[in-house]
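In: mind folding the following:
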Amino acid sequence: MAESPNQYERFFKPFKNIFVLSLVVFAIWMLFFDSNSWFIHNELNQDIKKLEEEKEYYEGEIKKDKKEIEALSTEEGMEKYGREHYKMKKEEEEIYIIEYEDSLDNQSADNE
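Out: Below you'll find the predicted structure:
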């Protein structure tokens with residue numbers, strides 16, 4: 001069963017109109033070949049989303065660092081930081097290290 005040329009003619013008939021043909025060519029050009037194509041816009045939008053997420057992350061880090069700077073600006077804050085991170089002590093103080101049995105079990109398992 002060969003299809004009649006009439007069916008193909010119905011399909012291509014709208015493309016004989018110069019306005020429809022130019023619209024189709026313009027749409028294909030804008031979607032695929034233009035420097036402002038849909039694919040480039042889509043890629044740029046994804047980049048914008050990633051950069052906005054990074055911006056939110058770094059703004060949160062800045063807020064956290066500002067709080068830490070405020071805490072370190074006082075004498076008590078610096079003393080606390082030195083004690084916690086650098087194991088510092090005052091001259092008249094003695095420090096006792098208390099180890100629990102379960103922490104000793106973990107250390108002996110790590111050494112083996």
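In: what's the mean pLDDT across stretch 34-41?
Out: The predicted model gives stretch 34-41 an average pLDDT of 80.
In: count the neighbours of Y81 for me.
Out: Under the neighbour criterion other C-beta atoms under 10 Å, Y81 is assigned a count of 14. C-beta: built from backbone N, CA, C; applies to glycine.
In: any idea how far whichever helix or strand it is part of is from the middle of the chain?
Out: When elements are assigned from DSSP states H and E, Y81 belongs to helix 75-86. Relative to its chain's centre, helix 75-86 lies at 34 Å (C-alpha atoms, centre = their mean, to the nearest Å).
In: all helices for the protein, in order.
Out: When secondary structure is read from DSSP state H, the chain shows helices at 5-12, 18-28, 38-72, 75-86, 101-111.
In: that older thread, and the helix holding Y81, C-alpha only, in CSV?
Out: Taking Å, rounded to 0.1, in the frame of the first residue of the first chain, the C-alpha atoms of helix 75-86 are listed here in CSV:
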residue,chain,number,x,y,z
GLU,A,75,38.8,39.2,77.8
GLU,A,76,36.6,36.3,79.0
GLY,A,77,36.0,35.2,75.4
MET,A,78,39.7,35.1,74.6
GLU,A,79,40.4,33.2,77.9
LYS,A,80,37.7,30.7,77.0
TYR,A,81,39.0,30.2,73.5
GLY,A,82,42.6,29.7,74.8
ARG,A,83,41.5,27.2,77.4
GLU,A,84,39.4,25.2,74.9
HIS,A,85,41.6,25.1,71.9
TYR,A,86,45.2,25.6,73.2
